[in-house]
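> Okay, structure incoming, though there's no sequence with it:
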């Protein structure tokens, strides 16, 4: 079981890749300071390619990180808004690419 520590706005979260859930691919626990992600082999279905599974896992990680960032940043009401979080997770890599191109990071 792989574990990582990630600093989100000054708060350390433990991230593990062993979530065993039928309902979710990831889960953020704000008060326990934990992020749990499904292992790569359990992402999507058995017909999905490794590339598709990696893409989904990265999307799920971004999603959970946004939950935590909004919570730690004091925007608790938004931290529970799944539509907003999904949008931020999808937009992030696209916006970061623009930021890199403009050298504004």
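Thanks, I have the structure now. As the structure is a computational prediction, the values presented were derived from the model and not from experiment. Numbering: from 1, shown residues only.

> Now do the SS call for residue 13.
Secondary structure assignment for residue 13 (DSSP: H, G, I helix; E, B strand; the rest coil): strand.

> I'd assumed residue 68 was in contact with it.
Yes - using C-beta atoms under 8 Å, residue 13 is in contact with residue 68, at 6.0 Å. Backbone N, C-alpha and C define where each C-beta goes, glycine included.

> Overlap in contacts, these two.
28, 35 (C-beta atoms under 8 Å, 6 or more residues apart in numbering).

> the strands in this protein, which residues?
Taking DSSP state E as the test, the strands found in the chain are 3-8, 11-16, 26-29, 34-37.

> Would you tell me which of those strands gets closest to residue 90?
Closest approach to residue 90 among the strands of the chain is made by strand 26-29 (14.4 Å; C-beta to C-beta).

> Can you name the residues that contact the spatially most central residue of the chain?
Central residue of the chain (C-alpha atoms, centre = their mean): residue 61, 2.3 Å from the mean position. Taking C-beta under 8 Å, 6+ apart as the contact definition, residue 61 lies against 15, 26, 35, 37.

> Most widely separated two among the residues you listed?
Spanning the widest gap among the contacts of residue 61 are 15 and 26, at 9.6 Å by C-beta to C-beta.

> So for these two, which residue has more residues nearby?
residue 26 (23 against 20; other C-beta atoms under 10 Å).

> can you pull the buried residues of the longest helix belonging to the chain?
Secondary structure of the chain read by DSSP state H shows that its longest helix is helix 50-72. In terms of neighbour count (16 or more other C-beta atoms under 10 Å), helix 50-72 has its buried residues at 53, 56-57, 59-72.
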